[in-house]
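K.L.:
Predicted model, plus sequence, below.
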Amino acid sequence: MPRSLALLALALLSALLSSPAQAGATPDYLSFGGGGYNFDKFENSRQSVDYRIEYRWGVSLLPKISRRFNSVEPFLQVHPSLGFEGNTKGAIFPHGGFDLDVPFLRHGIFTWGEAVGAFGQGNDTRSLGSVLEFRSQLELGWRFNNNLRVTGFISHISNAGLGTEDPGAEIAGVYVHVPLSILGKK
């Protein structure tokens, strides 16, 4: 819990020191990602390739909670998301959650995401200890003028102590976030 509070404080501080988002509404995104699952484990039998697809809504939830958040909107946005993550060992993780976007400078984007989902072990050599798992994720990247984003990410999947064991999994990789407007949909 203290780590989450520290990350939230850092995100809020970054929002206050950052430049406002580019004019216009944030689009809905179809996000594709991949990377190394258990990249920090030294046994090759534990490592695999991670792949993911997510839908991230462009609507920010902060102004929906209270009109007082309208002044924060250019600096900090919270978006709902749904996704599917898997790895080449057959593990799957359908999930839903929220992403906190903090734009900085003209094209920079920092995103902190939290999600919850059902984890299926597949042929992975080690269980994560529970079907119910949580994912925490940090992204840092670049927003192009057409709103396309490319971000690097690092994430951690864990059952937060709900299971008898909680080895967790660390994943690092890259996303391409494609606005639906580029795909021909608004």
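P.N.:
Yes, it's here.

K.L.:
Going along the chain, name the strands of the protein.
P.N.:
For the chain, strands defined by DSSP state E occupy the ranges 29-37, 48-56, 77-87, 92-104, 108-118, 132-143, 149-158, 169-179.

K.L.:
quick one: buried residues of the longest one?
P.N.:
Yep, that's strand 92-104 we're talking about. Of the residues in strand 92-104, those buried by neighbour count under the rule 16 or more other C-beta atoms under 10 Å are 93, 95, 97, 99-104. Every C-beta, even on glycine, is put in place using the N, C-alpha and C of the backbone.

K.L.:
Tabulate these (CSV), appending distance to residue 77 and pLDDT.
P.N.:
Formatted as CSV, the buried residues of strand 92-104 follow (distance: C-beta to C-beta, whole Å; pLDDT from 0 to 100):
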residue, distance to residue 77, pLDDT
93, 24, 96
95, 20, 98
97, 14, 98
99, 9, 97
100, 7, 96
101, 5, 95
102, 8, 94
103, 8, 93
104, 13, 91
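
K.L.:
coming back round to it: for the strands of the chain, which one sits closest to residue 126?
P.N.:
Closest to residue 126 of the strands of the chain, according to C-beta to C-beta: strand 169-179, at 8.9 Å.

K.L.:
one step back: ok, so of the buried residues of strand 92-104, who is nearest residue 74?
P.N.:
Where these are concerned, and distances follow C-beta to C-beta, residue 74 has its nearest neighbour in residue 103, at 7.9 Å.

K.L.:
Quick one: low-confidence residue ranges for the protein.
P.N.:
Within the chain, the ranges that satisfy pLDDT under 70 run 1-24, 43-45, 125, 185-186.
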